[in-house]
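J.: Provided below are the primary sequence and the corresponding predicted coordinates.
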Amino acid sequence: MRPSVTFEIGRTPQGSKMDDSLPDLGDLEREVMQLVWAHGPVTAEAVRERLSRPLKESTVRTVLRRLEDKGYTTHT
């Protein structure tokens, strides 16, 4: 079994409010960030369970990793 990795907010763009004006995020990245913002720190599995569409956990981990590369999340 893969160890659980927790993701949380890495930075808060444009102040302390998460909004729809994040130009470098796609729709899925924005939805994932909204979940991390609302429920963080969260695991990839917890995000996957809350998404509006069914995705594999590996896909969610990839999105979270890309968000980390952009500076939006960190993991422990």
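T.: Yep, it's here.
J.: below-threshold pLDDT in this protein: ranges please.
T.: Low-confidence segments of the chain, defined by pLDDT under 70, span residues 1-5, 8-23.
J.: what ranges do the helices span in it?
T.: In the chain, the helices defined using DSSP state H lie at 27-39, 44-50, 57-69.
J.: let's have those helices in TSV, adding distance to residue 7.
T.: C-betas here are computed from N, CA, C, even on glycine. Shown next, in TSV, are the helices of the chain (distance: least, C-beta to C-beta, whole Å):
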stretch	distance to residue 7
helix 27-39	6
helix 44-50	7
helix 57-69	5
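J.: what's the burial count for residue 30?
T.: When neighbours are counted by other C-beta atoms under 10 Å, residue 30 registers 15.
J.: re earlier: which one of the helices of the chain lies nearest to residue 6?
T.: helix 44-50 (8.9 Å; C-beta to C-beta).
J.: mind checking how far the residue nearest to residue 52 when sequence neighbours are not counted is from residue 25?
T.: Nearest residue to residue 52, sequence neighbours excluded (C-beta to C-beta, 6 or more residues apart in numbering): residue 31, at 6.6 Å. Distance of residue 31 to residue 25, computed by C-beta to C-beta, to the nearest Å: 9 Å.
J.: also residue 67?
T.: For residue 67 relative to residue 25 (C-beta to C-beta), the value is 8 Å.
J.: next one: residue 59
T.: 16 Å.
J.: also residue 74?
T.: Residue 74 is 16 Å from residue 25, by C-beta to C-beta.
J.: more neighbours, those two?
T.: Each of residue 74 and residue 25 has its neighbours counted (other C-beta under 10 Å); residue 25 has more, 18 against 14.
J.: residue 33 is in contact with that one, correct?
T.: Yes: if you go by C-beta atoms under 8 Å, residue 25 and residue 33 touch, sitting 6.5 Å apart.
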